[in-house]
Each structure stands twice: as structure tokens, then as C-alpha cells.
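Asker: After the sequence you'll find the predicted model.
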Amino acid sequence: MILRKVNILPTGLLILSLLATPISASYGDRLPEFRHCVEVCEKENCGNGPGATTIPLLHRLLLWDCPSECDYTCQHIITDRRVAAADSIVQFHGKWPFYRFMGMQEPFSVFFSLLNFLAHQNGLSKITANIPASYPLRKYYVFFAYFGIASWVFSMIFHTRDFSVTEQLDYFAAGASVLYGLYFALIRIYRMDQGGEKTKSLLRAWTGLCIALYAAHVIYLKLYDWDYSYNMAANVVVGMLQNAMWSWFSVEKYRKSGRLWATWPGLVVAWLLSAMSLELLDFPPLWGCLDAHSLWHLGTVGPTMIWYNFLLKDAQDDMAGQRLKA
């Protein structure tokens, strides 16, 4: 199983994407009948002569070659045999045997990642259309949306075709979004965008620290050790810190203002924590395509939309308060 995306607030929408430990070999890979099937398929179909099987253009564009076509076909041959024999469905290469659609390995995860991408894109449009450029937090909202958009673009790419490079890009983009969520949380909650030179110095130091932490994170994973356990722990800690901060902020904001929208960050956190149970209750894909991980991606769309509505309400309330003080 590969757990994938959360950054517990709409950064929040990404940590579980980082949580799992993909496995280079699974029970299905070790089955003698699977290995024999692949061997026979490659021998009969992957030669250079006139008998070689032609791969559809769309599949070739998505880098499906003859050995990978054989691997995919044999996964489903073995799975069908096991289902007919009332045996359990097993994983291959750390993944369930999904049915492709238009060459995409996990079509529902791709589609639900697209919905998350559109939710961030719509949120960005709301921010730029309704918050003036002069508002000091606006740029942080915009960057928040850009990080979210990038993370879901790479999620779509990764679920379309799982290669080492697409996995790394997906994890690095998700990790950046998670860390940016914590970076932004401190700025908004403690209003580090306001104040004198001392506050500006703190903001510069906080910015430099976050950049250094992310650079060290990428360098460690890329150049030293691609350690899934470390990656999981790092992102969980960062995500839970911002979850706790926004939950506290939500309670305090509602207590002081009495406005219902002030509770939305707490609602988003609760929604996402509930949706995480889908990852914990992993199961073979329904109809060969709809699994717990794809449903988790679907479960993050609503909280993202609520989150951008909160950012908009919060900014409008802040600007109204500033006008009253003027």
C-alpha cells in the first residue's frame, strides 16, 4: 500500500501522501506463477521480429514498454485466478492491481487529484479577485495556493505513471506544501507580517529557517538515503504542529468574535483526521480501480474549498477591523 497526500490543513491536504512506505517487492511479486507468466509473456511478445506485439500509441506516450505491459497483464491474470479460487487479492510492487484507463495506472487517484488541483485553483481565483494586493497577507495566501496546485499536479503525474522520478517529484512537492503550511500558520496566527523591525527580523529568520530545513530534507533524501520512515516522521510532525496551532486559533477566534466562520479551521482539521481512517482501512480496489487511497484524495476536496472560504472571510474581517481603527 502507498499512502499519499495530506497537509493537514489544505497544506494539511498532503501528509498521508508522504506517510507510506512503498515496497520494492510484495507477496504478488514473489509468486512463482506470476514470475512464470511474465517470463513467458516477454519471451513471446517482446522480441524484435514480426511477431512482436504492437503497443498502442497512448501507452507508448506514457512510457509503457513491452516488459511493463507483460507485468501489468500478468498481474491481472494472476489476480483473476486467485479470485476464481477464492484466494485473497495481493499486491504487486507495493500496489494493488488496478485496471488502467487511457494508460493511467491509478485513474481514480488521478481524477481526484485533479479535483484537488481545481479546488486550489478556484481558491486562488477567489483570493486574487476579492483581496486587494495591498493587504499584507495576500501574498502568503497566493503562495499557499501555488504550493497546493504544484503538489496536486505532481500527484496526478505520479498516479498516472509510477517511476522513481515521478515519485520523488510528488514527495518533494507534497513536503514543500506541508512545510509551507507551518510557515504560513505562524505568520498568520502571530501576525509576523506586522510590527516593527524586530518582527521583520523574526520573519526573515523564520523564512530562512524554513528554506534551510526544506533544503536539508531534500538533500538528505536525494543524496544520502531515500528513507521513507524518516520522510513520514518529518511530515507528520510538521503537519500535526500546524493542525494544533490552527485548532487553537479557531477556538480562540470563535470565543472572541462569536462568528461561526471562525470555527472552520477546526472543522477542516476534524474532517481531514476523519478522512485519514480511509488510509488505515486499506482494502483491495473496488471494481479494480477505487481504493482507500483514492477515496482519501476525494475526501480532501471539500476541506480545501472550506479553507479558502475561511482565508477570504478572515482577510475581510481583518481589513474591516483595520478600517474601524483608522
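Answerer: Happy to help now that I have it. This is a predicted model, so every value here is computed, not measured.
Asker: can you confirm V251 is in a helix?
Answerer: Yes: when DSSP: H, G, I helix; E, B strand; the rest coil is applied, V251 is found to be in a helix.
Asker: What sits closest to it if chain neighbours are left out?
Answerer: G266 (6.7 Å; Cβ to Cβ, 6 or more residues apart in numbering). The C-beta positions use only the backbone N, C-alpha and C, and glycine is treated the same way.
Asker: ok, how many other residues are close to that neighbour?
Answerer: By other Cβ atoms under 10 Å, 18 other residues sit near G266.
Asker: ok, now S155?
Answerer: As a burial measure, S155 scores 27 neighbours (other Cβ under 10 Å).
Asker: Pull up the per-residue confidence for it.
Answerer: Looking at S155, its pLDDT is 95.
Asker: what helix or strand is it on?
Answerer: Using DSSP states H and E, S155 falls within helix 138-160.
Asker: What's the first helix or strand after that helix?
Answerer: helix 164-189.
Asker: in which helix or strand would I find N235?
Answerer: Using DSSP H and E, N235 maps to helix 228-257.
Asker: measure K198 to I219 for me?
Answerer: K198 sits 31 Å away from I219, going by Cβ to Cβ, to the nearest Å.
Asker: repeat for L241
Answerer: According to Cβ to Cβ, L241 and I219 sit 22 Å apart.
Asker: average pLDDT for stretch 236-247?
Answerer: Stretch 236-247 comes out with an average pLDDT of 89.
Asker: ok now that stretch, how far from the chain's centre?
Answerer: Centroid separation for stretch 236-247 versus its chain: 16 Å, with Cα atoms, centre = their mean, to the nearest Å.
Asker: Please point out which parts of that stretch sit buried.
Answerer: Buried positions in stretch 236-247, judged by neighbour count with 16 or more other Cβ atoms under 10 Å: 236, 238-240, 242-243, 245-247.
Asker: what sits against P107?
Answerer: Contact partners of P107, counting by Cβ atoms under 8 Å, 6 or more residues apart in numbering, are 98-101, 289.
Asker: So which of those sit within strands?
Answerer: Using DSSP state E, no member of the contacts of P107 falls in strands.
Asker: Throw those into a markdown table and include pLDDT, thanks.
Answerer: Below are the contacts of P107 laid out as a markdown table (pLDDT from 0 to 100):
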| residue | pLDDT |
| --- | --- |
| F98 | 91 |
| Y99 | 92 |
| R100 | 91 |
| F101 | 91 |
| C289 | 83 |
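Asker: what's the burial count for W64?
Answerer: W64 has 19 neighbouring residues, counting by other Cβ under 10 Å.
Asker: next one: T79
Answerer: By other Cβ under 10 Å, 20 other residues sit near T79.
Asker: Return the backbone torsion pair for the residue nearest to C37 when sequence neighbours are not counted.
Answerer: Distances taken as Cβ to Cβ, 6+ apart put C74 closest to C37, at 3.8 Å, once the chain neighbours are dropped. Main-chain dihedrals, C74, degrees, to the nearest 10: phi -70, psi -30.
Asker: ok, C74 to P32 distance?
Answerer: Between C74 and P32 the computed distance is 12 Å (Cβ to Cβ).
Asker: Likewise for S277?
Answerer: Taking Cβ to Cβ, one finds S277 at 36 Å from P32.
Asker: So if I had to pick from C74 and P32, which one is more boxed in?
Answerer: Using other Cβ under 10 Å, the more surrounded residue of C74 and P32 is C74, with 24 against 7.
Asker: Now do the contacts for the residue lying closest to T160 once chain neighbours are set aside.
Answerer: Counting by Cβ to Cβ, 6+ apart, T160 lies nearest to M104, which is 4.7 Å off, once chain neighbours are set aside. Contact analysis of M104 by Cβ under 8 Å, 6+ apart lists 62, 110, 159-161.
Asker: Just grab the bridge partners of M104 for me.
Answerer: Beta-bridge partners recorded for M104 (DSSP bridges): F101.
Asker: Next one: it, what pLDDT does it get?
Answerer: 93.
Asker: Determine the angle, from 0 to 180 degrees, between the helix holding S155 and helix 164-189.
Answerer: Orientation of helix 138-160 against helix 164-189 (axes from the mean of the first three to the mean of the last three Cα atoms, to 10 degrees) gives an angle of 160 degrees.
Asker: Same question for helix 138-160: list its buried residues.
Answerer: 138, 140-142, 144-145, 147-160.
Asker: Need the pLDDT of L13.
Answerer: On pLDDT, L13 comes in at 40.
Asker: what's the answer for V268, then?
Answerer: At V268, the pLDDT value in this model is 86.
Asker: Tally up the residues packed near it, please.
Answerer: Neighbour number of V268 under other Cβ under 10 Å is 27.
Asker: Is it within a helix or a strand, and which one?
Answerer: Counting by DSSP H and E, V268 is part of helix 264-275.
Asker: From the contact counts, what lies against that helix?
Answerer: On a contact count with 3 or more Cβ pairs under 8 Å, 6 or more residues apart in numbering; DSSP states H and E, helix 264-275 meets helix 228-257, helix 292-299, helix 301-325.
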